[in-house]
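In: The following block contains a protein sequence and its predicted model.
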Amino acid sequence: MVKKMFSRKSEEGVSETVSDLGSTRYAPKITMEEYNNTKINVDTPLDLQFQPSLHKTVITSNVSMENENTKVVNVIQEKQKSTKKENIRANLPRLNLSPDSYATNIYCQLLPVLAANIGSLSSGLALGYSAVLLPQIRPDEAGLNDLVNTNHSYVNHTTTRHRPFTVDMEEGSWIAGIFGLGAILGGLLSAYLGNQYGRRISLMLLAIPDLLGWILVASSQNLGMMLVGRFLAGFAAAGYSPNIQIFVAEITQPQHRGWLSGLTIPITAIGVLIMYVVGSIIPWHLAAASCTPAPVLMVICLMFLWDSPYWYAHIGKEKCAHQALEQFRGSDTNNDQEMFQIFQYIKGDSESVWFVEGLVKLFTEKKYLKPFVILNSLFFLMLFSGKFAINFYAVEIVQHFGGNMNEYLSAVIIAFISLIGSLLFIPLVKRFSRKMLLIFSSFVMGVSLLLLGFCMYSHSYHSLQVLSDCDWLPMICIVSYMVAAPMGLCSIPFIYIAEFYPSEMRSLMGGLTIALSNLELFIVVKTFPNLEELIGDHGVFWLYAFSCFCAIIFTLSYVPETKDKELAKVEDKFAKLGKVNRASPWVTPLPSPSVGSVRKLHFKTHLFTK
């Protein structure tokens with residue numbers, strides 16, 4: 001018994017020593033007061049630290065000794081106050097509250113985002129180019145001699161000077177429509193490139209067809225060269241979109257991911273506005289030539305940047321992932337915890353997924369199929385909200401209410417209105433949730449289309465005299481619609497490409513989403529004249545308004561909230577969606593569903609969409 005007691009005591013002693021060694025592995029947590037006190041004791045000399053104790057314990061009759069001791073005490077108290085203030089200031093960088101370190105952290109993320117979004121600027125230039133090109137190469141456009149000899153108040157000599165070929169209405173529609181066909185193939189190719197070579201290399205490779213497209217358009221001598229150039233422009237624009245969104249989402253922090261990803265929308269709108277302004281000043285071939293530096297500048301900027309840390313971690317390059325994260329966060333910050341979360345997030349994923357293998361996984365595994373179906377349904381509702389049809393009619397409406405307004409000036413006004421909505425999206429996405437912006441934008445768009453349909457109905461059938469007399473109401477509807485569209489429904493689905501899809505399939509699923517959305521856009525544009533003949537102008541706008549209201553219901557039911565959330569948490573939401581806790585075969589069958597079970601089901605769906 002004694003032997004057992006002694007042996008147990010020794011084992012306890014060994015365990016205590018082991019626990020002591022284990023406890024000293026990491027530094028103990030201390031409070032701010034303890035840290036300041038230790039800082040003071042280290043900074044003050046030894047003779048000053050022991051003087052107060054001598055004053056308390058030693059009794060002397062010398063008055064000068066007491067005065068000196070009181071002076072020492074005062075000095076120590078003053079030094080304590082000053083050191084406390086210095087310690088509080090010194091602790092600010094450790095708490096990430098320093099304005100300098102915060103600004104450095106923002107700039108380390110903002111500059112790569114702006115470099116990648118040069119591709120969005122080039123896409124905006126390509127989107128606005130058709131409105132500049134087609135009026136200048138029409139066969140019914142007056143030549144330079146006719147304009148000079150007639151009494152025109154304004155003659156753009158440079159614009160009317162270069163016309164190597166002309167196109168009719170049918171050929172002009174092919175110039176505008178082949179951009180969408182190229183976008184379909186561009187989305188499919190971006191799915192392959194992003195999955196095999198990463199986001200940065202994909203953007204640099206897509207700059208090649210973008211540059212070739214602008215060169216062919218600028219040097220076009222016939223319709224064939226123009227069609228090939230526009231096809232390459234749409235090909236590059238659709239390839240840019242998913243890679244930019246994925247690259248931005250993977251290099252930014254969750255609290256900054258929303259507004260940094262939202263920069264793509266106003267930059268694209270700026271590109272459209274620049275093209276409208278430049279195209280109204282210089283001829284179409286010089287306007288296309290002025291766009292060639294954009295893809296070259298993007299490649300030069302991306303050469304000095306690392307790829308996404310998620311991409312390097314996915315292919316097993318841990319050292320490159322650490323260096324990339326250090327570049328995107330700053331060298332003064334500690335990134336070990338975030339790097340650990342990235343490796344935990346992609347743990348268990350294969351190093352590379354081939355295109356066919358990814359398609360099989362997409363339609364067989366629920367964790368990929370659920371976000372793919374939800375996001376593509378949201379894209380479908382976005383495209384059938386009538387954004388592009390409204391843009392088609394916007395110039396005519398502005399000219400109708402603006403009198404004899406120049407066609408280029410009305411296009412610039414429309415682009416400027418869209419830019420205002422895009423710029424408003426940046427502060428709103430920082431303050432409000434994604435779902436709130438989706439619902440608000442869809443509601444304003446739906447109400448505007450509903451009222452615009454009533455106005456067209458009153459003008460067509462001469463009913464609703466109150467609306468037919470309000471000539472200002474259609475203008476208000478078109479402006480409110482174009483401002484509200486980029487504030488939510490026409491911008492947030494692109495941000496969801498990087499937030500909904502898992503890392504190992506993000507490029508593939510994002511490219512397929514862009515390809516399907518461009519195919520749906522092609523269908524919407526081609527079916528618009530048929531719908532107009534079938535149900536009238538007012539019926540088409542009411543149909544688009546119905547799509548906007550359906551987007552509200554769909555957002556409330558199936559779209560989860562992703563604001564300020566880690567990408568892994570969003571993926572877990574889709575992995576847990578629809579899972580049923582199966583009953584054990586060893587218990588009695590459950591009763592029929594009651595009111596309580598229905599409430600529990602509603603609570604679970606609320607947790608998913610919260």
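Out: Arrived safely.

In: any weak-confidence spans in the stretch 101-250 of the chain?
Out: 101-104, 140-161 (pLDDT under 70).

In: now the helices for it?
Out: Using DSSP state H, counting those that start in this stretch, the helices found in the stretch 101-250 of the chain span residues 118-133, 144-149, 169-197, 199-218, 223-251.

In: what's the first one packed up against?
Out: Read that as helix 118-133. Counting contacts by 3 or more C-beta pairs under 8 Å, 6 or more residues apart in numbering; DSSP states H and E, helix 118-133 packs against helix 169-197, helix 199-218, helix 223-251, helix 264-279, helix 284-289, helix 293-302, helix 407-431. Every C-beta, even on glycine, is put in place using the N, C-alpha and C of the backbone.

In: Determine which of those helices approaches Phe355 most closely.
Out: When the helices and strands packed on helix 118-133 are compared by C-beta to C-beta, helix 169-197 sits nearest Phe355, at 5.3 Å.

In: Helix 118-133 and the closest one, what's the angle between them?
Out: Counting by axes from the mean of the first three to the mean of the last three C-alpha atoms, to 10 degrees, helix 169-197 lies at 170 degrees to helix 118-133.

In: Give me the buried stretch members for helix 169-197, please.
Out: Using 16 or more other C-beta atoms under 10 Å as the test for burial, helix 169-197 gives 172, 175, 177-195.

In: out of the helices and strands packed on helix 118-133, deepest packed?
Out: helix 223-251 (a mean of 25; mean count of other C-beta atoms under 10 Å).

In: can you list the weak-confidence ranges in this structure?
Out: Ranges of the chain meeting pLDDT under 70: 1-104, 140-161, 347-353, 389-407, 460, 462-471, 575-610.

In: picking up where we left off before, any chance of the helices and strands packed on helix 118-133 in JSON lines, plus distance to Lys366?
Out: Listed next are those as JSON lines, based on distance: least, C-beta to C-beta, whole Å:
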{"stretch": "helix 169-197", "distance to Lys366": "20"}
{"stretch": "helix 199-218", "distance to Lys366": "26"}
{"stretch": "helix 223-251", "distance to Lys366": "22"}
{"stretch": "helix 264-279", "distance to Lys366": "30"}
{"stretch": "helix 284-289", "distance to Lys366": "46"}
{"stretch": "helix 293-302", "distance to Lys366": "36"}
{"stretch": "helix 407-431", "distance to Lys366": "29"}
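
In: For Val525, which of those helices is the nearest?
Out: With C-beta to C-beta as the yardstick, what comes closest out of the helices and strands packed on helix 118-133 is helix 169-197 (7.2 Å).

In: Next, the angle helix 199-218 makes with that closest one.
Out: Using the same axes, to 10 degrees: helix 169-197 against helix 199-218 is 160 degrees.

In: List the contacts of Ala568.
Out: Gln341, Gln344, Tyr345 (C-beta atoms under 8 Å, 6 or more residues apart in numbering).

In: what would the helices of the stretch 101-250 of the chain look like in TSV with distance to Asp572?
Out: Converted to TSV, the helices of the stretch 101-250 of the chain look like this (distance: least, C-beta to C-beta, whole Å):
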stretch	distance to Asp572
helix 118-133	30
helix 144-149	65
helix 169-197	22
helix 199-218	23
helix 223-251	17
